[in-house]
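Undergrad: Fold the stuff below for me.
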Amino acid sequence: MRRRFGLGWTGGFAIAAIATLGSPLAVAHADTLDSALVQAYQNNPTLNAQRASVRATDENVPQALSGYRPRISVTASGGEQSLSSTTKVTSTTPNSYSTQSGYNSPFSAGVTATQTLFNGFQTANRTRQAEQQVQAARETLRVTEQQVLLSAVTAYMNLLRDTAIFDLQKRNVEVLQEQLRQVRDRFNVGEVTRTDVAQSESRLASGRSQVLTAESNYKTSGAVYRQIIGSTPGRLSAGTPVDRFSPSSLSGAVGTGSANHPSVTTAQYNIDVAQLQVKVAEGALYPTLSVQGNFTKNYLAAGNLNTMESYNASVLGQLSVPIYQGGAEYSLIRQAKETLGQRRIDADTAREQVRQTIVQAWGQLDAAKANIEATQAQVQATEIALNGVREEARVGQRTTLDVLNAQQELVNARVALVGAQRDRVVASYTLLAGVGRLSPQVLGLRVPVYNPAVHYEQVRDSWAGVRTPDGR
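TA: Numbers count the residues shown, from 1 in each chain. Alright, predicted model coming up:
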């Protein structure tokens with residue numbers, strides 16, 4: 001059975017309070033929890049920043065794949081030179097000398113292409129490592145999506161709660177004002193004492209103070225709402241729990257969360273990244289084999305006045321076998337292995353954290369359900385008690401203070417019920433996030449789902465170009 005955030009006797013204040021309060025936050029449109037989540041999913045800057053981070057991580061793959069591709073460079077040189085040389089002619093007696101001098105404008109252009117054939121499997125391991133980094137980034141994005149959606153739910157329900165409490169406190173002040181007027185009338189005819197008037201005045205002053213506190217909380221919640229959801233709130237409608245999307249048992253929730261929560265899968269991908277980093281570091285101990293092609297064309301060679309034109313072309317293979325490089329490569333391997341051990345510990349920590357979150361959320365949800373029933377009974381009882389105290393006060397069996405206390409108890413009970421109903425909705429979303437299922441797809445939000453694979457496929461096999469897929 002679905003419960004909604006509404007309070008029966010308290011009227012529609014949980015739904016319509018913002019429109020009736022006349023605050024700066026009030027606008028013409030009405031908001032639902034689903035529409036607020038849609039706006040947060042589209043507009044939240046934290047979520048959009050994380051999406052940009054995933055797109056940046058995508059570029060690690062083409063960077064790694066570049067190790068398979070040739071490297072080509074073009075060189076050119078030119079300028080003016082003045083030459084003078086004197087040579088000894090040894091074939092004549094006595095010796096004679098020959099002097100040659102002049103000016104020329106040498107120019108040369110060349111192209112060099114280098115292709116790595118083998119580098120200890122470093123390119124292959126770097127590519128697989130980059131692919132695992134992309135997967136980890138996507139899971140981190142899922143974590144951020146859940147956090148943003150849960151924050152949006154919390155902001156929405158906090159504003160709904162604080163709006164209702166603000167309205168309750170204002171109505172309480174109206175009741176206390178009427179109570180004070182009646183007490184003063186009775187004081188004027190001698191039915192009560194000055195003490196009764198003072199007690200009513202004190203309680204009214206206290207009520208006005210509570211209104212100011214409630215208004216402050218309401219405005220703060222409105223600012224948080226705008227920060228997280230990205231728009232000015234309108235009239236907020238009731239929020240609905242999402243228990244139907246969560247596992248029906250605590251053991252099932254723990255099992256689902258431990259296997260599927262994005263923080264756990266992120267940790268698992270980070271283990272793969274660390275394992276591949278060990279292999280990349282070990283690749284530095286292997287030989288490197290490459291082939292290089294070079295072609296250079298010279299006109300009026302530098303340093304020679306007789307050469308008018310020449311060229312040089314070559315294709316050479318190069319083999320480099322590392323023997324000892326100061327020990328840095330061995331240190332990098334050991335460092336990578338220690339990082340791998342750390343990532344495995346991080347995965348265990350993530351599982352335990354998810355389990356703790358689920359158990360806590362499950363307990364909070366059970367407590368919220370029970371608390372609603374208790375506070376509803378409390379409200380009903382205090383309403384009956386207040387009516388009885390008022391009737392008894394009319395015949396002189398109760399004092400003014402008794403009536404004021406009964407009125408305050410009723411206000412407190414209604415405030416507690418508002419808080420309990422807010423906790424009920426937030427706890428259901430917290431549990432859903434705990435098992436890793438708080439997403440637009442599961443909630444059925446009418447919003448285009450961001451697909452990080454689209455950008456990845458656009459850039460993965462890109463060989464050249466500086467523009468991003470969106471044209472920047």
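Undergrad: in the stretch 351-472 of the chain, which spans are strands?
TA: Under the criterion DSSP state E, counting those that start in this stretch, strands are not mapped anywhere in the stretch 351-472 of the chain.
Undergrad: The chain too?
TA: Counting by DSSP state E, one finds strands in the chain at the ranges 30-31, 71-78, 81-89, 96-104, 107-118, 235-236, 288-299, 309-320.
Undergrad: For these, state which one has the densest average packing.
TA: Mean neighbour count (mean count of other CB atoms under 10 Å) peaks for strand 235-236 among those, with a mean of 22. Where you see a C-beta, it was placed from the backbone N, CA and C, and this is true even at glycine.
Undergrad: And the spatially most central residue of the chain, how far from Ala164?
TA: Taking CA atoms, centre = their mean as the criterion, Thr144 is the residue nearest the geometric centre of the chain, at 3.1 Å. Taking CB to CB, to the nearest Å as the measure, Thr144 falls 30 Å from Ala164.
Undergrad: Please apply the same query to Thr232.
TA: Relative to Ala164, Thr232 is positioned 19 Å away (criterion: CB to CB).
Undergrad: neighbour count winner among those two?
TA: A count of neighbours by other CB atoms under 10 Å puts Ala164 above the other of Thr232 and Ala164, at 30 against 14.
Undergrad: How much space separates the more buried one from Val426?
TA: Using CB to CB, one gets 15 Å for the distance from Ala164 to Val426.
Undergrad: show me the contacts for the residue nearest to the centre of the chain.
TA: 46-47, 50 (CB atoms under 8 Å, 6 or more residues apart in numbering).
Undergrad: The same query, at a cut-off of 10 Å, please.
TA: In this structure, Thr144 makes contact with 44, 46-51, 53-54, 262, judged by CB atoms under 10 Å, 6 or more residues apart in numbering.
Undergrad: One more: Ala56?
TA: Taking CB under 10 Å, 6+ apart as the definition of contact, the neighbours of Ala56 are 137, 455.
Undergrad: Look up the pLDDT of it for me, please.
TA: Ala56 is assigned a predicted lDDT (pLDDT) of 95.
Undergrad: Of all the residues in stretch 346-354, which ones are buried?
TA: Burial within stretch 346-354, assessed by neighbour count using 16 or more other CB atoms under 10 Å, is assigned to 346-347, 350-351, 354.
Undergrad: try stretch 210-221
TA: Per 16+ other CB under 10 Å, stretch 210-221 contains these buried residues: 210-211, 214-215, 217-219, 221.
Undergrad: And for that stretch, what's in contact with it?
TA: Taking CB under 10 Å, 6+ apart as the criterion, the residues outside stretch 210-221 that touch it are 17-18, 21, 23-25, 154-173, 233, 408, 411, 415.
Undergrad: on that earlier part again, which stretch among the strands of the chain approaches Thr468 most closely?
TA: Proximity to Thr468 (CB to CB) singles out strand 71-78 among the strands of the chain, at 23.7 Å.
Undergrad: for the closest one, what is the average pLDDT?
TA: Strand 71-78 shows a mean pLDDT of 92 in the predicted model.
Undergrad: Output that strand in PDB, but only the C-alpha positions, please.
TA: Presented in PDB, the C-alpha positions along strand 71-78 are these (Å, rounded to 0.1, in the frame of the first residue of the first chain):
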ATOM      1  CA  ARG A  71      55.100   8.200 -35.700                       C
ATOM      2  CA  ILE A  72      55.800  10.400 -38.700                       C
ATOM      3  CA  SER A  73      57.700  13.700 -38.600                       C
ATOM      4  CA  VAL A  74      58.800  16.100 -41.400                       C
ATOM      5  CA  THR A  75      61.900  18.300 -41.100                       C
ATOM      6  CA  ALA A  76      63.100  21.100 -43.200                       C
ATOM      7  CA  SER A  77      66.100  23.500 -43.000                       C
ATOM      8  CA  GLY A  78      67.300  26.400 -45.200                       C
END
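Undergrad: so what does it touch, helix or strand wise?
TA: Other helices and strands packing on strand 71-78, by 3 or more CB pairs under 10 Å, 6 or more residues apart in numbering; DSSP states H and E, are strand 107-118, strand 288-299.
Undergrad: Could I get the full set of helices for the stretch 251-400 of the chain?
TA: For the stretch 251-400 of the chain, applying DSSP state H, counting those that start in this stretch gives helices covering 262-283, 328-394, 400-434.
Undergrad: would you turn these into JSON lines with mean pLDDT?
TA: Putting the helices of the stretch 251-400 of the chain into JSON lines (pLDDT from 0 to 100) gives the following:
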{"stretch": "helix 262-283", "mean pLDDT": "96"}
{"stretch": "helix 328-394", "mean pLDDT": "93"}
{"stretch": "helix 400-434", "mean pLDDT": "91"}
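Undergrad: what would those look like in JSON lines with distance to Lys88?
TA: Written out in JSON lines, the entries for the helices of the stretch 251-400 of the chain read as follows (distance: least, CB to CB, whole Å):
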{"stretch": "helix 262-283", "distance to Lys88": "57"}
{"stretch": "helix 328-394", "distance to Lys88": "53"}
{"stretch": "helix 400-434", "distance to Lys88": "92"}
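Undergrad: For Ala238, find the nearest of those helices.
TA: For the helices of the stretch 251-400 of the chain, proximity to Ala238 was assessed by CB to CB; helix 400-434 is nearest, at 8.9 Å.
Undergrad: What helices and strands are in contact with that closest one?
TA: Packed on helix 400-434, when contacts are counted by 3+ CB pairs under 10 Å, 6+ apart, are helix 13-21, helix 33-43, helix 122-188, helix 194-229, helix 250-260, helix 328-394, helix 440-443.
Undergrad: How about the contacts made by Leu438?
TA: With contact set as CB under 10 Å, 6+ apart, Leu438 has these partners: 37, 142, 145-150, 153, 242, 245-246, 262, 429-432.
Undergrad: do that again at 7 Å, thanks
TA: Under the criterion of CB atoms under 7 Å, 6 or more residues apart in numbering, the contact list for Leu438 reads 146, 149-150, 429, 432.
Undergrad: swap in Asn298?
TA: 108, 309-311.
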